[in-house]
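> Build the 3D model from these lines:
(chains A, B and C)
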Amino acid sequence: MKAAIEFRKVWYWYEDSIPALRDVNFAVEEGDWVAIVGQNGSGKTTLAKHCNGLLKPKRGRVLIYGEDTNERRVEELARTVGYVFQNPDHQIFCPTTLEEVSFGLRNLGFSREEIEGRAWEALRAFGLEGYASKPPAILGYGLRRKVAVAAVYAMRPRIMILDEPDLGLDWGATKRLLENLNRLHEEGHTIVLITHNMKIAAGFSQKVLVLHDGEVLTYGPTRGVFKEIELLEEAALSPPQITRLSRRMIPCGMRGDSLTVEEFCEEYSRLVVRAKRASSLPR
Amino acid sequence: MIRTMDLSFDLYLERRSWLHSLDPRVKLLFVALSLSTLLLFNSLPVMACFLLAFHLILLSARIPWSRIGWIWSKMWPLTLLIFFLWPLFYPQGERVLLEFWRIRVTSAGLIQGLAMALRVNALAFAFFVLLLSTDQAKLVRGLVKLGLPFEWGLTLAIALRYLPLLYGAYTAVSEAQRARGWMVAKGSLYVRLKSYVPVLVALIITALRMMDNLSMALAARGFQPGAKRTYFRELKLGNADKVCLFALIVLFSALLTARFRCSFGA
Amino acid sequence: MDDIVVVEELHFAYPPLMSGEEPVPVLKGINLRVRRGECLAIMGPTGAGKTTLCLALNGIVPHLTGGTFEGSVTVAGMNTRNHGPGEMSRIVGIVFQNPESQLFNMTVEDEVAFGPEGLGLPRNELRERVDWALRAVGIEHLRRRSPLQLSGGQKQRVALASILAIRPQVLVLDEPTAELDPLGRDEFFAALRELRAEAETTVIMVEQDGERVAEFADRVVVLVDGKVKLEGTPKELFSQVELVQEMGLDIPQVSELAHKLNQQWGTNFTFLTEEEALCKLSQLLEG
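Next comes the predicted model:
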């Protein structure tokens, strides 16, 4: 089974010749949900842009389903790799939301019926049917972001890359967006999410890749990565509050790797029962 | 975060030199005088002298040869063009070098061609003397001190400040659209231009939002057009400035006198 | 303790974007009072009207935006109906969300000096204010740099300094760290923490991050769909977990934990910070 995305000894530098990516090696299997975390300037966006051919490695190779990105144009790769940019306003230009969501499909050469079908499906998936005939540019920020994601989703790429999709969204809207993505993920799409919101990384992704100064500090299942505190500190990141709390309670018997509030609650409750302290809980 | 490239269109080269510390108003006067004088003279030796003088000024201001070479690399196509075209339209003179069809190329014509080409270069170098040694903020401040209304100076400064941001937005928008399968269409100029609509419209909308934010930021800073302002950066004419001013006035008056009284360099 | 900000029955609708359309009301009857020296947090889902409310505090709404404005907004005795943003900005300073489009000068120094320059202050006072503001925010070493070349966190601190240099009585922060990375956020809030420790400026912050609100705010106001839905101290607010989550707000994970434990065990925990949770929960296990 070919990996969906594979980076082999990738190096990249911009004109100022400070390397933005140093010897990056990793693979994302089909159907994975990977979070790429790191500070601004760590190379997250540079790495993501290599996945759809916007940037070609100066050294090394990037393979999408076994094909070298060097041999493909961005517009061709758009069929397989969907990229949702950080700023939805960089994409939105159509007079109606329906047209906006259909834009990518038209570029890829689908038939009229297919375009309509997929566009409406995308609008429905993100709750945007009511806005189909409105100009997306005048919608509120949260809606514009949804339109941008829907527009890429409509192209049904096997791999979806999202660059900080939670930026500027309130937590409720972020959760709804992530739940939509979860559905996609369950349907078999590969998801790569760039974020520095550790709650999202902890709560939704299976694997986490930590970038610092262009280097991959670590890459592996979420739980394991969040245990490596010194590594995270090196990358100037810190795990979510609940993980930090559970770590500090290791002396009390907690495992120290809770990723969500639910996990912590379960584990803690079991400990309370075991210690037979249930009766001394303050009511 | 958009990676901001430093395309600030700022030619300023930071150095410690007499030229850099001169008041921008003096340098602006220098440019104005050079421009008018260069247009009044016609002879080759005069142009060459001006050009040489400007080079010396730049070198004494510690501007490296590489930078001067860069200027020449941008100017040489125009220079050559003028040098070749001018003689074709200047058939005066006795010594004919070439004659075919209706065209006469004389040695006088060639010399004039060179003079005109050098004049264009000298004009450019006059500006570079100003721009290489003055940062944008000081330049705008100088203009305002000379009488440009503050709002105009602010507009100019903001425009200079936002050009790289707009360019960055253009790059970001193109990338975003390409990632959706957009390509520049092949075909006639009209077809190609029309295919830029997705990029242009998104760019314009982004720019409008930026400007909207900017106007609120200005309001939040208490900016009121026409209100009395004081200035953090003061410009005072120091001794060096006064000396240069004096020298400039004397030199250019002498040149003008030579030109009109003695027909020097006509 | 007097009220420095008084908002009464504020109704506001932006002018319609296309002629013939109805103006869409954004603020639908806001009543708000802020005490001098208080730190008030404004939370709410995207589109609730938080930014519009901030703009109404310094007169940008309605003087710059137009639209239909009813009710009154008074800050330090000045009513925004009679004073435009030019005057209001001397007492109410706003730091916006986007680092790029609120900086427009060539160097950090110039940027910080811009506000006080407009006040017509004598030159030595200009210098003093610039020095003070740069120090207060911890960016003195960046004086001569171009704002374009700074990191997001540094840019926002420059924006903060430029507003502080005007010495407003009320500081309004409209999600200043929303577009920053964790390091940038920490830097900004560290500067804010120092400021709060030093001076008694009234701070109104629009903030999505529950943990920051828990740390900084004396009081929280929740705006939903143009109205104030909830008010109270962070402790009061974050103990109503289900209600607040339904509104789409971010609450500190420890508060959520307290709620879950309460549901399971019938307890009455309320945790606002990590320390609180650590203390109580470990105490329990150790007996």
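> Every contact and neighbour count from this point should use C-alpha atoms.
Fine.
> Okay, the spatially most central residue of chain C and residue C:44: tell me how far apart.
Nearest residue to the geometric centre of chain C (CA atoms, centre = their mean): residue C:205, 1.8 Å. Distance from residue C:205 to residue C:44, counting by CA to CA, to the nearest Å: 12 Å.
> any idea how far the residue of the stretch 51-200 of chain B at minimum distance from chain A is from residue C:9?
Closest approach between the stretch 51-200 of chain B and chain A, counting by CA to the nearest CA: residue B:181, at 4.2 Å. Distance, residue B:181 to residue C:9, by CA to CA: 50 Å.
> Looking at these two now, which is surrounded by more residues?
For the pair residue B:181 and residue C:9, the greater number of neighbours falls to residue B:181 (24 against 15), based on other CA atoms under 10 Å in any protein chain shown.
> ok, that one touching residue A:73?
No. The criterion here is CA atoms under 8 Å, and residue B:181 misses it with residue A:73 at 9.6 Å.
> What's the first helix or strand after whichever strand or helix holds the residue nearest to the centre of chain C?
Assigned by DSSP states H and E, residue C:205 belongs to strand C:202-206. Later in the chain than strand C:202-206, the nearest helix or strand by DSSP H and E is helix C:210-216.
> and that following helix, what does it pack onto?
Contact here means 3 or more CA pairs under 8 Å, 6 or more residues apart in numbering or on different chains; DSSP states H and E; on that basis helix C:210-216 packs against helix C:234-238.
> What residues of the helix it packs on count as buried?
Residues of helix C:234-238 classed as buried by neighbour count (16 or more other CA atoms under 10 Å in any protein chain shown): C:234-235, C:237-238.
> what about that helix and chain A, any contact?
No. Using CA under 8 Å from any CA of the partner chain, helix C:234-238 never reaches chain A; the gap is at least 14.6 Å.
> and the next element down the chain from that helix?
Next helix or strand after helix C:234-238 toward the C-terminus (DSSP H and E): helix C:241-246.
> which residue packs closest to residue B:109, ignoring adjacent ones?
Distance criterion CA to CA, 6 or more residues apart in numbering or on different chains; nearest residue to residue B:109, sequence neighbours excluded, is residue B:87 at 4.4 Å.
> and that neighbour, that one's in a strand?
No. Under the criterion used here (DSSP: H, G, I helix; E, B strand; the rest coil), residue B:87 is helix, not part of a strand.
> My guess is it contacts residue B:105. True?
Yes. Using CA under 8 Å, residue B:87 makes contact with residue B:105 at a distance of 5.9 Å.
> coming back round to it: output the buried residues of helix C:234-238 as JSON lines; include the columns pLDDT.
Formatted as JSON lines, those follow (pLDDT from 0 to 100):
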{"residue": "C:234", "pLDDT": "94"}
{"residue": "C:235", "pLDDT": "91"}
{"residue": "C:237", "pLDDT": "92"}
{"residue": "C:238", "pLDDT": "91"}
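> and the residue nearest to residue B:109, what does it touch?
Taking CA atoms under 8 Å, 6 or more residues apart in numbering or on different chains, we find residue B:87 in contact with B:105-106, B:109-110, B:112-113.
> out of these, which one sits closest to chain C?
Set against chain C, the nearest of those by CA to the nearest CA is residue B:113 (41.7 Å).
> Need the pLDDT of that closest one.
Residue B:113 carries a pLDDT score of 85 in this model.
> that's a helix at it, yeah?
Yes. Counting by three-state DSSP, residue B:113 falls inside a helix.
> re the thing from before, which one of the buried residues of helix C:234-238 is nearest residue B:156?
Of all the buried residues of helix C:234-238, the one with the least separation from residue B:156 (CA to CA) is residue C:234, at 46.6 Å.
> which residue sits closest to that closest one, ignoring its sequence neighbours?
residue C:214 (5.6 Å).
> what's around that neighbour, how many residues?
Quick note: residue C:214 (other CA under 10 Å) scores 23 neighbours.
> again with residue B:242
Count around residue B:242 with other CA under 10 Å applied: 14.
> Over to residue B:239?
Look at residue B:239: counted by other CA under 10 Å, it has 10 neighbours.
> check contacts around the residue in the stretch 101-250 of chain A that chain C sits nearest to.
Minimum separation of the stretch 101-250 of chain A from chain C (CA to the nearest CA) falls at residue A:172, amounting to 3.7 Å. Shown in contact with residue A:172 (CA under 8 Å, 6+ apart): C:45, C:245-250.
> Out of these, the closest to residue C:63 would be?
For the contacts of residue A:172, the nearest to residue C:63 is residue C:45 (25.7 Å; CA to CA).
> Would you mind listing what in the stretch 1-150 of chain A touches chain B?
Contact residues (CA under 8 Å from any CA) of the stretch 1-150 of chain A with chain B: A:40, A:52, A:54, A:74-76, A:78-79, A:82-86, A:89-94, A:103-104, A:107-108, A:137.
> Going along the chain, name the strands of the stretch 1-150 of chain A.
A:5-13, A:19-28, A:33-37, A:59-64, A:67-68, A:81-84 (DSSP state E, counting those that start in this stretch).
> Now tabulate those strands in JSON lines and tack on mean pLDDT and mean neighbour count.
JSON lines is the format used below for these (pLDDT from 0 to 100; neighbours: other CA atoms under 10 Å in any protein chain shown):
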{"stretch": "strand A:5-13", "mean pLDDT": "94", "mean neighbour count": "20"}
{"stretch": "strand A:19-28", "mean pLDDT": "94", "mean neighbour count": "19"}
{"stretch": "strand A:33-37", "mean pLDDT": "95", "mean neighbour count": "26"}
{"stretch": "strand A:59-64", "mean pLDDT": "95", "mean neighbour count": "20"}
{"stretch": "strand A:67-68", "mean pLDDT": "93", "mean neighbour count": "15"}
{"stretch": "strand A:81-84", "mean pLDDT": "94", "mean neighbour count": "27"}
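> Any idea which of the ones you listed gets closest to chain C?
strand A:33-37 (10.3 Å).
> That closest one packs against which elements?
Secondary-structure packing of strand A:33-37 (3+ CA pairs under 8 Å, 6+ apart): strand A:190-194, helix A:198-204, strand A:207-212.
> Need these in CSV (columns: mean pLDDT).
Listed next are those as CSV, based on pLDDT from 0 to 100:
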stretch, mean pLDDT
strand A:190-194, 95
helix A:198-204, 90
strand A:207-212, 94
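> Including mean neighbour count and distance to chain C, could these go into TSV?
Shown next, in TSV, are those (neighbours: other CA atoms under 10 Å in any protein chain shown; distance: least, CA to the nearest CA, whole Å):
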stretch	mean neighbour count	distance to chain C
strand A:190-194	25	12
helix A:198-204	20	9
strand A:207-212	24	13
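> And the lengthiest helix in chain B, what's buried?
For chain B, the helix that runs over the most residues, judged by DSSP state H, is helix B:150-178. Residues of helix B:150-178 classed as buried: B:150, B:153-154, B:157-158, B:160-162, B:164-170, B:172-178 (neighbour count, 16+ other CA under 10 Å).
> near chain A, anything from that helix?
Yes. Using CA under 8 Å from any CA, helix B:150-178 comes into contact with chain A via B:169, B:172-173, B:175-178.
> Spatially, which two of those residues are the most separated?
Largest pairwise distance in the residues of helix B:150-178 next to chain A, by CA to CA, is 14.0 Å, between B:169 and B:178.
> Surely residue B:99 is within a strand?
Yes. Under three-state DSSP, residue B:99 sits within a strand.
> got a list of what it touches?
Here residue B:99 is in contact with residue B:105 (CA under 8 Å, 6+ apart).
> Pick out the residue of the stretch 1-150 of chain B closest to chain C.
Counting by CA to the nearest CA, the stretch 1-150 of chain B gets nearest to chain C through residue B:137 (6.0 Å).
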